[in-house]
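Participant: The sequence isn't on hand, but the structure is:
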């Protein structure tokens, strides 16, 4: 795995990651394909929105259909018909948020499946093995996601466990051309812990560095603060990935602070709850005011959905609980996110990121066009 | 609306219907787009399967979003982004099967919406008006769907009411270039009533003739019998449409008896209940025996789904209740149906329909390939 940087604009970086399954222009947004599918989308449609890499979930896939089954069937790319790069998380976060009856030791974590109550365990070594079986282009090291809020003591202990697990993850990872492993900085909202964590990871040495444990309720201000105190301790020459983020304004701010990669369920999950992202903020398509509106979701959007369907039609689909409603909003949302990333990349290239950001915020907070007419 | 016949093979006919929104090669299968969407499919994907015409439901659309709203938004084609022909049913069948507190008079029927209990009425004149507002290329006359089983007396009274409504429907229909109206033969399973109904409709004069009141539980033998006693009484020069049919063997048998058009929810509804149609009969993709099967749904199928996904993957999607499972099976099923129709058309052109039918039945009843290996 290689990372090239072409251009800086302030702390922001314009780059490209080369993997076994192709290149990723950064800053990049990764749609989430939890159970080997981006919900409601064909993989070709995901690619059409501009996505160059997907995120897959180790926790979900180890339970169903199992990593061994995916490997038997030719790996995750073939299984789900997605030929471009895939990053898999390590399972650590989902074990904490989804599974039952967890027991954590130095060795790893045992837990019960949220699906059928069956018993499983994850260790750094097993997580890396699973991600290898899935054939992830980018593997994430196994960590404990520190709860928020946590005392400094708890955050420190949790982070140090994650650092020992990071070393074991690195050791378990099999080097192959075009494949890489990222370490994950933890430490909660405590700058000195984040610095300690970043230093520990640098010492181990990774192909990229993720910032974990954010977007868990701390709010944008604390998140940005933590980025500002953490990112300077990470090597310039490796990609930085802010996990689980976020809303469009979070992404813009994080790119300005030097983040290269993002993933978030927001565009897809919002698609299933009738929320569309537009250049003027979000719209709830279930709202009765859309019932006779012939306009597209976002008049400034060139996506397939905005070219072919009215708000009135999508409102109708949602009212009738037709699958096509979530399918269309998801597709638009994913393209909105990709176009946002494209805009950020172009702005960095042109050295105009601050201007881009200002324009973005003005428009995004201007409210729905209806209010303007 | 025009209908050309190129070729007969026994009672079967190879033809083409020309409408305001394009041509339909017959025998044709119409996917059902109840609420202005073929469930789980983009309209472009429906067209890709080979479909040249969709069916829309007057009952559903009059309740949501209402015919007036659809007209305001440019008609059903524009509303749902489907530029090809649309046939709408008259609402009669759904009023009987879905609505509550119906009251039928000579004038028409009043009923409560199954969605919100609101009161509505349908008369022949209102049904035709709604279909005009929707901009249906093919309008169906308003009828009462005779329940099955019915005594001859009930069937006769019901059929004669439908014939009086057929006359009123014809009178209410506004002639326009490329648009047509079909009459619907009723009479239950009673040959003399079917003949009387066919004669009554011929006397009124329609652009096409539908056979209604079948596929309601009478079984294939009685259905074929009724076709055999009914079709000879219909004009050769107009298309014949068997409503709500059916399974692949029903369609093959009905084409052999002279039917030109079909609609059925089976390929789409089956898609949502994990049933795939294949040249070797049906498969239940939820079945655990597919869990590790790398083969496509139908190894003889050239559709997008069979080219790109394994049974194991689709089984996985269904287990995880992922939308993509129903989406993929629906797409395959619709293409299966269209390829069946294409095969029937080619066979009629070649004068080889009997041979085609024999081969179809042998394969379709042979069972899943797994049993053969």
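Facilitator: Cool, the structure landed. Keep in mind that what you see is a predicted model, and the values were worked out from it rather than measured.

Participant: Now the stretch 151-300 of chain A against chain B: closest residue?
Facilitator: residue A:294 (5.8 Å; Cβ to the nearest Cβ). (Glycine included, C-beta is placed from N, CA and C.)

Participant: Give me the nearest residue to that residue, chain neighbours excluded.
Facilitator: Setting aside the residues directly before and after it, residue A:294 is nearest to residue A:310 in space (Cβ to Cβ, 6 or more residues apart in numbering or on different chains), at 4.8 Å.

Participant: Name the residues of the stretch 1-150 of chain A found near chain B, please.
Facilitator: Selection of the stretch 1-150 of chain A residues close to chain B by Cβ under 8 Å from any Cβ of the partner chain yields A:35-37, A:39-42, A:60, A:64-65, A:69, A:72-74, A:79-81.

Participant: ChimeraX command to pick out the buried ones of the residues you listed?
Facilitator: Buried residues within the residues of the stretch 1-150 of chain A next to chain B, by 16 or more other Cβ atoms under 10 Å in any protein chain shown, are selected in ChimeraX with:
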select /A:35,36,37,39,40,41,42,60,64,65,69,73,79,80,81
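
Participant: Just read off the phi/psi values of the residue nearest the centre of chain A.
Facilitator: Centroid check for chain A by Cα atoms, centre = their mean gives residue A:263 as the closest residue, at 1.0 Å. In terms of degrees, to the nearest 10, the main-chain angles of residue A:263 are phi -140, psi 150.

Participant: my guess is it meets residue A:243, correct?
Facilitator: Yes - under the criterion of Cβ atoms under 8 Å, residue A:263 makes contact with residue A:243 at 6.6 Å.

Participant: before we move on, the earlier item: burial of the residue of the stretch 151-300 of chain A closest to chain B, as a residue count?
Facilitator: Residue A:294: 13 surrounding residues under other Cβ atoms under 10 Å in any protein chain shown.

Participant: List the buried residues for whichever strand or helix holds residue A:153?
Facilitator: The secondary structure element spanning residue A:153 is helix A:152-172 (assigned by DSSP states H and E). Of the residues in helix A:152-172, those scored as buried under the neighbour-count criterion (16+ other Cβ under 10 Å) are A:155-156, A:158-163, A:165-170, A:172.

Participant: Same question for stretch A:3-10.
Facilitator: Along stretch A:3-10, the positions that meet the burial threshold by neighbour count (16+ other Cβ under 10 Å) are A:3, A:9.

Participant: contact partners of it?
Facilitator: Stretch A:3-10 is contacted from outside by A:13-18, A:207-208, A:236-239, A:256, A:347-349, A:351-354, using Cβ atoms under 8 Å, 6 or more residues apart in numbering or on different chains.

Participant: quick one: residue A:176 is in a helix?
Facilitator: No - Residue A:176: not assigned to a helix; according to DSSP: H, G, I helix; E, B strand; the rest coil it is coil.

Participant: wait, isn't it in contact with residue A:131?
Facilitator: No - using Cβ under 8 Å, residue A:176 makes no contact with residue A:131, being 11.9 Å away.

Participant: and these two? which has more neighbours close in?
Facilitator: For residue A:176 versus residue A:131, the count of surrounding residues by other Cβ under 10 Å is larger for residue A:131: 33 against 12.

Participant: In terms of helices and strands, where is that one?
Facilitator: Secondary structure assignment for residue A:131, by DSSP H and E: helix A:124-134.

Participant: Tell me the spacing between residue A:86 and residue B:258.
Facilitator: Summarising the geometry, the distance separating residue A:86 from residue B:258, computed by Cβ to Cβ, to the nearest Å, is 54 Å.

Participant: Looking at those two, which is more packed in?
Facilitator: Higher neighbour count among residue A:86 and residue B:258: residue A:86, with 26 against 21, using other Cβ under 10 Å.

Participant: How about the more buried one: which residues does it bridge to?
Facilitator: Taking DSSP bridges as the rule, residue A:86 bridges to residue A:54.

Participant: Touching, it and residue A:56? I think so.
Facilitator: Yes - in terms of Cβ under 8 Å, residue A:86 counts as a neighbour of residue A:56; the distance is 5.4 Å.
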